[in-house]
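>>> have a look at this prediction, sequence included:
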Amino acid sequence: MDMIKFPCQFGSDGFKKLKEGTEDYYAQLLSIAVLTEPRTHIFSPKFGVLDPSFRGVDKGLFVLTAARFVPEVEITGLETSIDEGTGTMKVDFSFKVKDGDR
């Protein structure tokens, strides 16, 4: 199922959407996992990664969450950094879509 692009944008036919199975689609799913604290969603309490504010992203939990909720991809890299000027944590991840899942 296609999903609404985040942050929301509008096109000529309503909300812009990401087509299921595309790299952008999976990148958004994984980004949402990084931004979501476990136990936030009552129907999927294990979805998400613990708040990285003071300890960084738990790489193992991120890979486990990706394997459980986005099994079509394999995480190939994960790097975190802090923007010295703003104090904002930046999370960069890379992945590949597994063969046969496109």
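Received, thanks. Numbers count the residues shown, from 1 in each chain.
>>> beta partners for the spatially closest residue to Y25 that is not a sequence neighbour?
Leaving aside its sequence neighbours, Y25 sits nearest to L18 (CB to CB, 6 or more residues apart in numbering; 4.3 Å). C-betas here are computed from N, CA, C, even on glycine. L18 has the following beta-bridge partners by DSSP bridges: M3.
>>> does the most centrally placed residue in the chain lie in a helix or a strand, and which?
The centroid of the chain falls nearest to L30 when counting by CA atoms, centre = their mean (1.7 Å). Secondary structure from DSSP states H and E places L30 in helix 23-35.
>>> test my guess that the residue nearest to the centre of the chain contacts A66.
Yes: with contact defined as CB atoms under 8 Å, L30 reaches A66; the gap is 6.1 Å.
>>> tell me, what's touching those two both at once?
Residues touching both L30 and A66 (CB atoms under 8 Å, 6 or more residues apart in numbering): 73, 75, 95.
>>> and of those residues, the nearest to G87?
I75 (25.9 Å; CB to CB).
>>> and that closest one, helix, strand or coil?
Using DSSP: H, G, I helix; E, B strand; the rest coil, the structure places I75 in strand.
>>> in the chain, where is pLDDT below threshold?
Scanning the chain for pLDDT under 70 picks out 51-56, 100-102.
>>> cutoff 80 now
Within the chain, the segments meeting pLDDT under 80 span 48, 50-58, 87, 89, 100-102.
>>> all helices of it, in order?
Per DSSP state H, the chain carries helices over the ranges 23-35, 59-69.
>>> how about the ones you listed, which one is nearest F6?
The nearest among the helices of the chain, by CB to CB, is helix 23-35 at 6.1 Å.
>>> closest one to F47 among the helices of the chain?
Across the helices of the chain, closest to F47 is helix 59-69 (CB to CB), at 5.7 Å.
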